[in-house]
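> from the sequence below, what's the structure:
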Amino acid sequence: MIITKQIDLQYSIKQHLAEKTGYKVVWIYDGVTLPETRPFITIEQMQDNTSMLAKLRETVRTIYHFQVGVYANSATERAAIQETVRRIFLFDRFQLIDANDPSKELGLFCVDMTAETPISAEDLSDKTSYHRVFFDIEVDSTYQAY
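Prediction:
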């Protein structure tokens, strides 16, 4: 049984998006600076949910949540990249890669896209917030006690 770790999932999604789209994918963390050159994609960890599926904690389910952002130069470019990313989330199988040893492939997984939200700029002077769309995705993992 493969024990899925959040960091491996996030790294794997980042690598897959970069490979499939050809765009820079930025891992969002405290203090990160977004690139000035567009288009680019971001990936950010969101709240994970864990629940017990069997008594005595024999089976546990964790749903890992991520938000993926697309930052484009125009509405037309955003729409084109949005469609590409949507199809990746709907149809692709992702290679699970060990983030600490990227040469180590651990298996395959799929993501579930739960929302797709275009966001308008709140402050017109902030050019970084123009032409954005965000995808909420999740990866469902079930673990059994050893």
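> chain center to the helix or strand bottoming out on mean pLDDT in the chain, what's the gap?
In the chain, the helix or strand scored least confidently by mean pLDDT, DSSP states H and E is strand 49-52, which has a mean of 86. Distance of strand 49-52 from its chain centroid, counting by Cα atoms, centre = their mean, to the nearest Å, is 20 Å.
> other residues contacting it?
59-63, 65 (Cβ atoms under 8 Å, 6 or more residues apart in numbering). C-beta coordinates here come from the backbone N, C-alpha and C atoms, glycine included.
> so which bits of it are buried?
When burial is assessed from 16 or more other Cβ atoms under 10 Å, strand 49-52 yields no buried residues.
> neighbouring strands - and their directions - for it?
Take DSSP bridges as the rule and strand 49-52 pairs in its sheet with strand 59-71 (antiparallel).
> would you mind identifying the next helix or strand past the partner strand?
Downstream of strand 59-71, the first helix or strand assigned by DSSP states H and E is helix 75-91.
> who are the packing partners of that next one?
On a contact count with 3 or more Cβ pairs under 8 Å, 6 or more residues apart in numbering; DSSP states H and E, helix 75-91 meets helix 6-21, strand 59-71, strand 112-119, strand 132-144.
> E122 against Y130, yeah?
No: contact criterion Cβ atoms under 8 Å: E122 and Y130 do not qualify, at 10.7 Å.
> which one's more surrounded, those two?
Each of E122 and Y130 has its neighbours counted (other Cβ atoms under 10 Å); Y130 has more, 17 against 7.
> report the spatially nearest residue to the more buried one, omitting neighbours in sequence.
Sequence neighbours aside, A121 is the residue nearest to Y130 in space, at 5.2 Å (criterion: Cβ to Cβ, 6 or more residues apart in numbering).
> measure the one you found to I28 for me?
Separation of A121 from I28 (Cβ to Cβ, to the nearest Å) stands at 18 Å.
> shaky segments in this structure?
Scanning the chain for pLDDT under 70 picks out 1-3, 146.
> would you quantify the distance from I7 to Y29?
I7 is 11 Å from Y29, by Cβ to Cβ.
> what about those two, which has more around it?
I7 (12 against 8).
> for the nearest residue to the more buried one once chain neighbours are set aside, give its distance to T117.
Distances taken as Cβ to Cβ, 6+ apart put A99 closest to I7, at 4.6 Å, once the chain neighbours are dropped. According to Cβ to Cβ, A99 stands 27 Å off from T117.
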